[in-house]
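Novice: Everything below, folded, please.
(one chain, ligands or ions: 2)
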Amino acid sequence: MITGGVQALRRSPSGRVGGRDLDPIVESAREASYPPPYPEAWYVVGRSIDFGDRPTFVQCVGNQWVVFRDASGHAQVVDAYCPHLGANLADGDVQGDSVECPFHGWKIRGDGCVIGHANGGEPDPRHRTRSWAVEELHGWVLVYHRHGTASEGPAPEPPYRLERLAAIDDGALLWRGEHDAGLVHMHLLEFVENSVDFQHFAAIHGRLRIPWTEIPVPGMRIHHEATWRRDENQKHVCWFGNDATLEFRGKQIEGSGAHADVRLEGPGSIIRFDFSLSRGSGRVVLYQSHTPIAPLTQHVRFRWFSDASVPKPLASFIVGNWVSQWRQDIGIWENKIYREKPMLTRGDGPIHQLRRWYSQFYPAAAAAEAAE
Ligand code: FES
Ligand SMILES: [Fe+2]
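Specialist: Numbers count the residues shown, from 1 in each chain. Ligands and ions are numbered 1, 2, ... in the order given. Next comes the predicted model:
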């Protein structure tokens with residue numbers, strides 16, 4: 001629907017804009033203001049349990065992929081469309097270590113090589129498709145998205161691997177829940193840039209909300225102290241720190257402090273929150289992921305873990321508090337443009353520094369710039 005004229009922007013409870021429901025002219029103007037939509041990174045394509053015996057079609061980050069499990073159960077990803085005549089491999093079957101095309105029976109392995117034909121003819125070694133690096137991280141399957149039309153065959157080694165948490169692998173932290181937040185119409189950069197936008201915390205996140213809702217708690221405010229830094233050893237990582245304390249009618253509540261260390265891995269596609277509860281009473285780890293399925297559309301997912309000492313409802317309360325605060329930003333993100341040259345003031349965080357860090361996820365653009 002194309003709409004014009006003056007419209008009030010109304011927010012729905014989820015933060016979606018009711019007033020101008022994705023006007024294509026506005027959306028294309030917004031999109032034109034941003035850097036390209038799909039920086040190189042690891043992106044979640046689904047939960048591990050979603051990928052079973054059948055090949056599965058996935059569309060995201062400008063790609064169409066088929067995900068299947070080989071005979072040892074490892075997830076494999078290749079381009080969805082068969083290199084022969086283009087059938088969708090997700091309509092086929094898994095045979096041993098390969099996916100078999102439904103059209104003429106080519107068998108394609110996870111490294112992109114065609115290893116057999118249903119008619120028994122010898123495969124041509126030149127017949128290959130693109131394959132993609134895959135990892136499973138604490139219940140999610142992720143694919144490394146790279147730019148360009150890199151050659152067919154085995155996926156190149158990604159510039160970094162995802163950091164696993166030993167405490168989850170060894171069972172010290174228990175899985176406590178997950179939440180599929182659906183789609184948010186924003187650019188991926190906005191989430192990362194939010195972490196250095198120190199001035200918005202009081203304006204957008206100053207009110208305590210009932211966890212998982214947007215309902216404010218009367219009289220209660222949250223005071224935030226935020227920090228941001230690049231990781232000294234891993235250039236694809238940056239850290240956001242937040243100390244939050246509760247205030248009731250302007251007075252700080254004793255013992256209400258909570259600290260969050262937030263590790264952003266890649267351009268905001270995977271974020272790990274480590275919440276330490278006050279007085280050392282436990283640890284909650286939350287993962288948040290953003291997967292662009294269209295230039296200004298992110299699929300947002302959460303899953304979380306905690307010490308056994310933190311009861312499941314308390315872990316849900318802490319995560320729900322974060323999710324309520326995160327939702328406060330959505331109405332802004334879904335309506336804004338990107339200012340390449342923002343007018344900054346004293347008190348704004350290190351926005352230019354953040355943007356320089358973020359530009360590493362466009363290696364082709366950086367290489368072209370360096371060559372000029
Ligand atoms: S289109 Fe896949 S084998 Fe022919
Ligand atoms: Fe925010």
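
Novice: how far does stretch 36-49 stretch from start to finish?
Specialist: End-to-end span of stretch 36-49 (Cα to Cα, to the nearest Å): 31 Å.

Novice: in that stretch, what counts as buried?
Specialist: 37-46 (16 or more other Cβ atoms under 10 Å). For glycine as for every other residue, the C-beta is placed from the backbone atoms N, C-alpha and C.

Novice: Those residues in strands, which ones?
Specialist: Per DSSP state E, strands hold the following members of the buried residues of stretch 36-49: 41-46.

Novice: quick one, strands of the stretch 251-372 of the chain?
Specialist: Assigned by DSSP state E, counting those that start in this stretch, the stretch 251-372 of the chain shows strands spanning 251-252, 258-265, 270-276, 283-294, 297-306.

Novice: Render the CA-only coordinates of the third one in PDB, please.
Specialist: In this case it means strand 270-276. Provided in PDB are the C-alpha atoms of strand 270-276 (Å, rounded to 0.1, in the frame of the first residue of the first chain):
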ATOM      1  CA  ILE A 270      25.300 -12.300  18.000                       C
ATOM      2  CA  ILE A 271      25.200 -10.600  21.400                       C
ATOM      3  CA  ARG A 272      26.000 -12.200  24.700                       C
ATOM      4  CA  PHE A 273      24.800 -10.600  28.000                       C
ATOM      5  CA  ASP A 274      26.300 -11.700  31.200                       C
ATOM      6  CA  PHE A 275      24.200 -10.500  34.100                       C
ATOM      7  CA  SER A 276      25.600 -10.700  37.600                       C
END
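
Novice: Can you list the strands that that strand pairs with?
Specialist: Based on DSSP bridges, the pairing partners of strand 270-276 within the sheet are strand 258-265 (antiparallel), strand 283-294 (antiparallel).

Novice: Indicate whether the last one makes contact with ligand 2.
Specialist: No - using Cβ under 5 Å from the ion, no contact is recorded between strand 283-294 and ligand 2, whose separation bottoms out at 12.3 Å.

Novice: Between strand 41-47 and that strand, find me the angle.
Specialist: Relative orientation of strand 283-294 and strand 41-47, computed by axes from the mean of the first three to the mean of the last three Cα atoms, to 10 degrees: 100 degrees.

Novice: near ligand 2, which residues of the stretch 251-372 of the chain show up?
Specialist: Asp329.

Novice: how many neighbours does the closest residue to Asp50 other than its chain neighbours have?
Specialist: In space, Asp50 comes closest to Thr56 once its chain neighbours are excluded; the distance is 7.1 Å by Cβ to Cβ, 6 or more residues apart in numbering. Residues lying near Thr56 (other Cβ atoms under 10 Å) number 19.
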